[in-house]
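# fold the following.
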Amino acid sequence: MAAPSPSGSTVNRAEGVITAASNSSFRIVSIRLGEGIGRHSPEIEQEKHIAIHDILEENRFEPKGSPGGPYHLILAAADDRLILDVRLHDESEHRRIFLSLTPFRRVLKDYHQLCQTYYAAIREAPPSRIEAIDMGRRGLHDDGSHLLRDRLNGKIEMDFDTARRIFTLISALYLKA
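Here you go, the predicted model:
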C-alpha cells in the first residue's frame, strides 16, 4: 500500500520503491534497491531511509547523452559489481552502468569499521570521542563520494550531495554483496 510522506513522496513498502512527488528533467524521482538486499542493523536501515529521502527531496542526476528524465534508479550489487539501472519516466530502460566494486573496497571496509565504532561510541563514549569518530566517518564518506563521481565520469554527472547519498546506499549494498 502506497502512503504519502510529509514531503509529498510516496512510499510503497511492499515493493520497496520510494517515489518523489516532483518531476524535473535531470532528477531521480524513484529509487529501488535490487534483489538480495536484506534488513540491516537499525542504524544502517535509518541511514538508508534518510539517504533515499534526501535524494528524492533534492538531486541532480544527468546521464551523458540523455535528453532528460525524470529517472528511476535501481541500485544493485552482483558479481563484485555495482549496477546502476537507469530508467526513464515511463520505466523504460535508458542505460545500465556496471562499475567494479574493487576500487571501492578499501574505503567501504574502512567506512563500515568506523560506522561500527561510531554506533558503539554513541552508547558509552564522551561527546568529544563521538565527534572525533564522526569526523573520520564523514571524511571516509566524502572519499567514497568523490570516488563514485570519478568512476562515473563521462557516464553520469551528479552533484556532490547526490553522490554522498548514493554512496550511503552503495555502502548498504556492499554489506550484502
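
# every contact and neighbour count from this point should use C-alpha atoms.
OK.

# low-confidence regions, the protein specifically.
In the predicted model of the chain, residues 1-24, 35-40, 175-177 satisfy pLDDT under 70.

# list the contacts of the residue nearest the centre of the chain.
To find the centre residue of the chain, average its C-alpha atoms and take the closest one (Cα atoms, centre = their mean): that gives residue 166, at 2.5 Å. In this structure, residue 166 makes contact with 51, 55, 145, judged by Cα atoms under 8 Å, 6 or more residues apart in numbering.

# surely the second one meets residue 28?
To tie it back to what came earlier, the one meant is residue 55. Yes. Under the criterion of Cα atoms under 8 Å, residue 55 makes contact with residue 28 at 7.4 Å.

# doesn't residue 153 fall inside a strand?
No. Checked against DSSP: H, G, I helix; E, B strand; the rest coil, residue 153 lies outside a strand; its state is coil.

# can you give me the helices in this structure?
Assigned by DSSP state H, the chain shows helices spanning 42-57, 105-124, 127-151, 160-176.

# switch the ones you listed over to JSON lines; also include distance to residue 91.
Formatted as JSON lines, the entries for the helices of the chain read as follows, by distance: least, Cα to Cα, whole Å:
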{"stretch": "helix 42-57", "distance to residue 91": "17"}
{"stretch": "helix 105-124", "distance to residue 91": "30"}
{"stretch": "helix 127-151", "distance to residue 91": "24"}
{"stretch": "helix 160-176", "distance to residue 91": "20"}
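
# deepest in the core, which of the ones you listed is it.
Ranked by average neighbour count under the criterion mean count of other Cα atoms under 10 Å, those are headed by helix 160-176 at a mean of 21.
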